[in-house]
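Trainee: I'd like to go over a predicted model; first the sequence, then the structure.
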Amino acid sequence: MRRGEGDNDSAQATSGGKQKLREPNGAPDQSKPEWDSRPAAAALPSPGLHLVATPIGNLGDISLRALAVLRGADHIFCEDTRVTRKLLVHHGIKARLELYHDHNAEVARPTILAALRRSERVALVSDAGTPLISDPGYKLVRAALAEHLPVTAAPGPSAVLTALILSGLPPNPFLFAGFLPRQQGGRRKVLAGWAPLEATLIFYEAPPRLAATLADMVEILGPRPAAVARELTKLHEEVRRGALPELAEHYRAEGPPRGEIVVVVGPPEPGPALAENEIDDRLREAVAEMGVRDAAAKLAAETGLPRQALYRRALAIRAGD
């Protein structure tokens, strides 16, 4: 656009003489964020609990605000001092580290709450990524909020969101379900519960269990598009995309991969309409293999038909047989 073209549509003078951004129809643009432009290191962080996101692989991914919080905190609580100290040393931060993890949380939580009551600055970090996302911190946040103590966050890296945007699968809506159960029975039960949900599903998984988990996903969720992301933001980052059966076969043949794993599975795709006898035949076959509940979930995922209706139908088929 040449200078002067459309100027009157994009901005109008306010009573104070400043220009205010407006939409093409002349209305003020209410969607633009009001940025807080204060320098990140201009002052100490405010008293309270600061949930600080740390890199999931690339040390350069930490934010300026997160570094300012860590420099100015009275206490830094972390899962593993060896991991967090490497981050601090890399950025020239000298601080005493204290532990907060699943095994000492009940003991450490009262100490942290006491510090917050004294209006001290407490930073909580996990080994990688955003605290509380499959990491410690939820009960601490709940306890602080219950006492009306200040809680804020320095947002940043997250393996969940990184895997989602790299997967090529629909980003909206999505559900993050954390780690699946270790045992096959529990794993299949959880998958069956999520199967009818019309959303992209995101899971964490340990490399040794990946092939078995993908095989269960094939059985319960059907041949959906999916992606397996590993070593995100690191030198050997890899995102393998394909249908669940293809991914299951690849990792069965290749063996466990290295690195931390995020599995992203697309939502159920509407299948072709089935005749009544076809539905019964497929239900009968699935019930014989995996039971009524899992059979109904599997067929619901494959066809888009209501799971509860299929469940009742499967019960009737089993009773009739």
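Mentor: That came through fine. Numbering: from 1, shown residues only.

Trainee: Which parts of the stretch 201-321 of the chain are helices?
Mentor: Applying DSSP state H, counting those that start in this stretch to the stretch 201-321 of the chain gives helices spanning 210-221, 244-254, 276-290, 292-303, 307-320.

Trainee: Now do the last one: which elements does it pack against?
Mentor: Which is helix 307-320. helix 276-290, helix 292-303 (3 or more Cβ pairs under 8 Å, 6 or more residues apart in numbering; DSSP states H and E). Backbone N, C-alpha and C define where each C-beta goes, glycine included.

Trainee: what is the orientation angle of the last one with helix 307-320?
Mentor: Same thing as helix 292-303. 130 degrees (axes from the mean of the first three to the mean of the last three Cα atoms, to 10 degrees).

Trainee: List of residues touching helix 292-303?
Mentor: Outside helix 292-303, the residues within contact range by Cβ atoms under 8 Å, 6 or more residues apart in numbering are 188-189, 191-193, 195-196, 219-224, 268, 271, 274, 279, 282-283, 286-287, 289-290, 305-308, 310-311, 313-315, 318.

Trainee: do the same with the first one
Mentor: The contact list for helix 276-290 (Cβ under 8 Å, 6+ apart) reads 188, 219, 274, 294-296, 298-299, 303, 305, 310, 313-314, 317-318, 321.

Trainee: and if we set it to 6 Å?
Mentor: By Cβ atoms under 6 Å, 6 or more residues apart in numbering, the surrounding residues in contact with helix 276-290 are 295, 298-299, 314, 317-318.

Trainee: Keeping just the C-alphas, turn that helix into PDB.
Mentor: Once non-C-alpha atoms are left out, helix 276-290 reads as follows in PDB (Å, rounded to 0.1, in the frame of the first residue of the first chain):
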ATOM      1  CA  GLU A 276     -27.600 -52.700  10.000                       C
ATOM      2  CA  ASN A 277     -26.300 -56.200   9.400                       C
ATOM      3  CA  GLU A 278     -22.800 -54.800   8.800                       C
ATOM      4  CA  ILE A 279     -22.800 -53.100  12.100                       C
ATOM      5  CA  ASP A 280     -23.900 -56.200  13.900                       C
ATOM      6  CA  ASP A 281     -21.300 -58.300  12.100                       C
ATOM      7  CA  ARG A 282     -18.500 -55.900  13.100                       C
ATOM      8  CA  LEU A 283     -19.700 -55.700  16.600                       C
ATOM      9  CA  ARG A 284     -20.000 -59.400  17.000                       C
ATOM     10  CA  GLU A 285     -16.400 -59.800  15.700                       C
ATOM     11  CA  ALA A 286     -15.100 -57.100  18.000                       C
ATOM     12  CA  VAL A 287     -17.000 -58.400  21.100                       C
ATOM     13  CA  ALA A 288     -15.400 -61.800  20.600                       C
ATOM     14  CA  GLU A 289     -12.000 -60.200  20.600                       C
ATOM     15  CA  MET A 290     -12.100 -57.500  23.200                       C
END
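
Trainee: from now on call the first residue 409
Mentor: Okay, using 409 as the starting number, the last item reads as helix 684-698.
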